[in-house]
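>>> A predicted structure for the sequence below; I have some questions about it.
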Amino acid sequence: MLIAIEVGLLILVPCVAFVALWLRDLMSAVIVLGAYSFLMCLVWTGMGAVDVAFTEAAVGAGVSTVFFIAVLFNTTRNITFNPLDVSSKLVALVACLGFGYVLLQGVSDLPDWGDPYSPVNAGVSTYYIENAYADTHVPNLVTTVLADYRSVDTMLETTVVLIALLGIFMILKKDRPAQSDSSDTQAHDSLIIRLSARFIAPFIQLFGLYVVAHGHHSPGGGFQGGVILGTGLILMAMSMGMASAKRLLSIPRMIILAAVGVLIYAGWGAVPLVYNGYFLDYSVWESVFGSMARSHSMLIVEIGVALTVMCGMYGIYMSLVSDGGMQEGL
Amino acid sequence: MSSQWAFLAMGIPFFTALIMGSVGYAAPRFMRWIGATGITLAVFASIGLWSTVSTDEYVSYFFGGWLPPIGIALEVDRISALMVLMVHGVAALAYIFSLKALPNELPASKHPVYYTLYFLLISGFVALAVTGDVFNVYVLFEVCALSGYALLAMGGKKAYVPTFNYVLMGSLGACFYLIGVGYLFIKTGTLNMAHLADVLPTVFFSRSILTAFILITVGLFVKMALFPFHGWMPNVYTKAPVSTLCLMAPLGTKICVYVLLRVVGYVFSMEYMTNILAVQPIMMTLATLAIVVGTLYVVYHRHLTRIIMFIIVSEIGYMVGGIFLGQMDSVIGAVYHIAADALMTVTLVMVAGVVRHCLGGDAIADVAMMFRRLPTTAIAFVIVCLSVIGVPPMPGFFSKFLLIKGAFMSGYYGFAVALLIASLTAVFLFFRFFEGYFYMKTDNTAPSVIQEPWAYRIPLVVAAIGLVGFGLSFSYWYGFIKLALPLGLA
Amino acid sequence: MTTLSYSVAIILMTMGLWAMLSKKNLIKKLMGLAIFQTGIILFFISMGAKEGATIPILDHHGYGGIYSDDYANPLTQILMLTAIVVGVATLGLGLALARKIYAHYGSFNEDDILANLREPNE
């Protein structure tokens, strides 16, 4: 039964992707792309990758779509057409055929799907499954590997979010400040939206905090929680109007907070250096936290991740929607 | 524990960037002091790392205390220590240069963010040279690429379209690399480079490994702008601000060449490449074509910045060719050339930047004017040109000598001929600039000498001296590199 | 299932590559990139799946040992978490650049932009 659903989804997914690329209206294409991401989440959940599915639902289907719409809203949703350029299509066709051929050649030799004894599943990952709880006292394996065994990858990945925030801010910021006399563009949308947003936002924030804090025991963690917290802020900004949002949460403030988030992560990891230990070696905290040292340390670094991702997502949205000037917006 | 240097070399610029990001807006005045402290400490760390590997030969660093393949490790051998030294040396020169160059190019309100990204980029380059985990390489590629996109896009209106293309091509290169890592991972179940090198010989004849090899090399070729995939590079670099260029042009592509050596030489092993796959003829053809095409464009273009970009295209051909020749001398030559070329490129870019800022353009006539008006820059330019041509005792001579020797020993005469042609073209190029000086009208209204600001002069002089010193100390570096070469070299 | 899951991943990657190389609209190119990346993620997740295994959260109150066959592979999932976050960061930067390009050239169409670039209006 489960396999049948999986097979159906797997056949549906490329079709939806094709529609997203084929549609001639950008806004519709973006919405279809969001639907595509949701379908992908279902596929991954079926394969046991709940954390990835959660992240994709929050990031791929949620925030990415918002980013696309934020840009399209200020520009255009129409696609203009030029006469068919045969040569570039031909180059693309050759490249795609070659690429697909090489990949398919490699597939013929791979182990069966779902084989627990394939090298991937019998290799390093068995160590994680069998020893992670004894090492760290955290049942969610994804969190343990993410925040402890391969912690430096996660730190760099958080840095990537910070870099994106800084880069987008720097690219979109106008060299000269916009005319300051442009009157406070109040939210000119309906009362219903404003009130319902105000009603929903605290629940979103609360859920985000839960996801961050409970990441040790259930799917979730710093990334997913941070994205949810960020969407809460985005919703507030949408309903409050740009001017109020700017007063409360300006982009420079977001940048500082995002840098502080990575600094929490890296700073916590740098403490062992004082004792001549390895970077990110949480075992130095055993004198303070006992056997829970690694578990608590993971929570702290996850909070750093959540802070950076929250500020990152919100800051990127604000930059994109207001064209860097924070004067007008959705 | 001396292995701490391995982390400090990448950690110091990383923390510098984070501190800059957190206090940059509150106290922009302190930015340049934080940066200066950070880069000085980083140079010290790289010297510490260098002296450690000089005695110990090899440093491993285990993040989180987890031994590989469970955790992520930094593996520093002598070649990577040389790369770290190169990155920090070039970054220090570029940082001093940017102190004066950046205010001309970017409004002060963007400087805190700019320097935060700048230091994250440096730390990404260092980490790429020392990491021992193939997936970590992907993450670091993205760290470098994303900060690079933002820094390159600061060239203003003209920079946006090329940078957008670079975003697509860079992501494509990284994605190809990632799929290749996926194929490796699925056959071996590990991501650690040393462990992979142990496991791979058991599955050498699998088609998946061949696919992985193709995807990883193609991904890296896109990233390093080797000939058929070089299209993105000259445009995006010529439109970028000079301060970014001083960091990106010398290091961005060179580090990818070193990653190629690490992945092909140590993970796949030289034996797989030369005996089992026998891809050598294809790769040598690509490298030779890269040199020839780069040289042709060098002759065709009339602006110094653009000429430098195509010099880079052909120099990438030297290094890739040297690695794939698979001779001991050629690989030493390639590694030596990575460092030498980074130093040459940063000097050339700084010269172009000084000419652009002080004389208003970088066409051939402006460069000719440089000989009259900017004597310090002109001397640095002459020294670096001698190295590009390959005049002894400059580093360009030794690397070219080793590469040509390797080419003759393995019978790739075309490659040797291409190298010689590139040298002759460089001679021609240099005389084209010089000729402009001699035939310039000498009337009494000739413009006077301009005094370059200290932030331009110091890095130029240091780079020129460093270039001569690097050439003179060749025999030391030859022995230094030789002990860290991958196994199976003839 | 073996061939299907990997083939779908490859189809998605190829579709994404096709869109990135052949589409003229910058936003469509970025959508191609997003699809390319989800294809890669599907590829990795497929290799880490195990028949009859559950999600990688340990039943630590349980009785008896922990067997690696019972839980899906956590390692591939972590790698792909990283890839997703990197993907959205790249997408954001690409969108910011596309936004700037639109502000200067008034179009998302590559041909129009190139035609505009060549005009000597400097």
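Done, it's in.
>>> Can you name the residue of the stretch 351-490 of chain B nearest to chain A?
Nearest to chain A, among the residues of the stretch 351-490 of chain B, is B:His357, at 18.7 Å (C-beta to the nearest C-beta). For the C-beta atoms, the positions are set from N, CA and C on the backbone; glycine is no exception.
>>> Wait, that residue touches B:Asn104, no?
Yes - taking C-beta atoms under 8 Å as the definition, B:His357 is a contact partner of B:Asn104 at 5.8 Å.
>>> For the two, indicate the residue with more neighbours.
Neighbour totals were compared for B:His357 and B:Asn104, and B:His357 leads with 17 against 12 (other C-beta atoms under 10 Å in any protein chain shown).
>>> which ones are touching the residue nearest to C:Glu110 when sequence neighbours are not counted?
Sequence neighbours aside, C:Lys24 is the residue nearest to C:Glu110 in space, at 4.6 Å (criterion: C-beta to C-beta, 6 or more residues apart in numbering or on different chains). Contacts for C:Lys24 (C-beta atoms under 8 Å, 6 or more residues apart in numbering or on different chains) come out as A:Asn82, A:Asp85, C:Asn109, C:Glu110, C:Asp111.
>>> Give me the phi and psi for the residue nearest to the third one when sequence neighbours are not counted.
Spatially, and ignoring its direct neighbours in sequence, C:Asn109 is nearest to A:Thr80 (4.8 Å; C-beta to C-beta, 6+ apart). Main-chain torsions, A:Thr80, degrees, to the nearest 10: phi -90, psi 150.
>>> Flag every residue of the stretch 201-330 of chain A that's near chain B.
Contact residues, the stretch 201-330 of chain A versus chain B (C-beta under 8 Å from any C-beta of the partner chain): A:252, A:255-256, A:258-260, A:262-263, A:266, A:270, A:273, A:276-283.
>>> Now the buried members of those residues.
Among these, those buried by neighbour count (16 or more other C-beta atoms under 10 Å in any protein chain shown) are A:252, A:255-256, A:258-260, A:262-263, A:266, A:270, A:273, A:277-283.
>>> Of these, which belong to helices?
Using DSSP state H, the subset of these located in helices is A:Pro252, A:Ile255, A:Ile256, A:Ala258, A:Ala259, A:Val260, A:Val262, A:Leu263, A:Ala266, A:Ala270, A:Leu273.
>>> mind putting the residues you listed in a markdown table, pLDDT included?
Formatted as a markdown table, those follow (pLDDT from 0 to 100):
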| residue | pLDDT |
| --- | --- |
| A:Pro252 | 84 |
| A:Ile255 | 90 |
| A:Ile256 | 91 |
| A:Ala258 | 93 |
| A:Ala259 | 93 |
| A:Val260 | 94 |
| A:Val262 | 94 |
| A:Leu263 | 94 |
| A:Ala266 | 94 |
| A:Ala270 | 92 |
| A:Leu273 | 90 |
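>>> Show me which of these is closest to chain B.
For those, the nearest to chain B is A:Ala259 (3.1 Å; C-beta to the nearest C-beta).
>>> contacting residues for the closest one?
A:Ala259 neighbours (C-beta under 8 Å, 6+ apart): A:Leu162, A:Thr308, B:Leu18, B:Gly21, B:Ser22, B:Thr116.
>>> Tell me which two of those sit farthest apart.
Distance extremes for the contacts of A:Ala259: the farthest pair is A:Thr308 and B:Thr116 at 13.2 Å, using C-beta to C-beta.
>>> for chain B, what are the nearby residues on chain C?
C:13, C:17, C:20, C:26, C:29, C:33, C:36-37, C:40, C:43-44, C:47, C:76, C:79, C:82-83, C:86, C:89-90, C:93-94, C:97-98, C:100-101, C:104-105, C:113-114, C:117.
>>> Pull out the buried members of these.
C:13, C:17, C:20, C:26, C:29, C:33, C:36-37, C:40, C:43-44, C:47, C:76, C:79, C:82-83, C:86, C:89-90, C:93-94, C:97-98, C:100-101, C:105, C:113.
>>> among these, which are in helices?
C:13, C:17, C:20, C:26, C:29, C:33, C:36-37, C:40, C:43-44, C:47, C:76, C:79, C:82-83, C:86, C:89-90, C:93-94, C:97-98, C:100-101, C:105, C:113.
>>> sorry, back to before: surely the residue nearest to C:Asn109 meets C:Gly106?
No - the pair A:Thr80 / C:Gly106 is not scored as a contact, 10.3 Å apart, by C-beta under 8 Å.
>>> and the residue nearest to C:Asn109, how many neighbours?
A:Thr80: 12 neighbours (other C-beta under 10 Å).
>>> Tell me who's in contact with it.
If you count contacts by C-beta under 8 Å, 6+ apart, A:Thr80 has them with C:Ser107, C:Phe108, C:Asn109, C:Asp112.
>>> do you know how far B:Ala212 is from chain A?
Noted for B:Ala212: a distance of 7 Å to chain A, by C-beta to the nearest C-beta, to the nearest Å.
>>> That residue is in contact with A:Val107, isn't it?
No - contact between B:Ala212 and A:Val107 fails when scored by C-beta under 8 Å: they sit 11.9 Å apart.
>>> higher neighbour count, these two?
Remark: of B:Ala212 and A:Val107, B:Ala212 carries more neighbours, 26 against 19, as counted by other C-beta under 10 Å.
>>> That one: what's it in contact with?
Taking C-beta under 8 Å, 6+ apart, one finds A:Gly106, B:Gly180, B:Val181, B:Gly182, B:Tyr183, B:Leu184, B:Lys187 in contact with B:Ala212.
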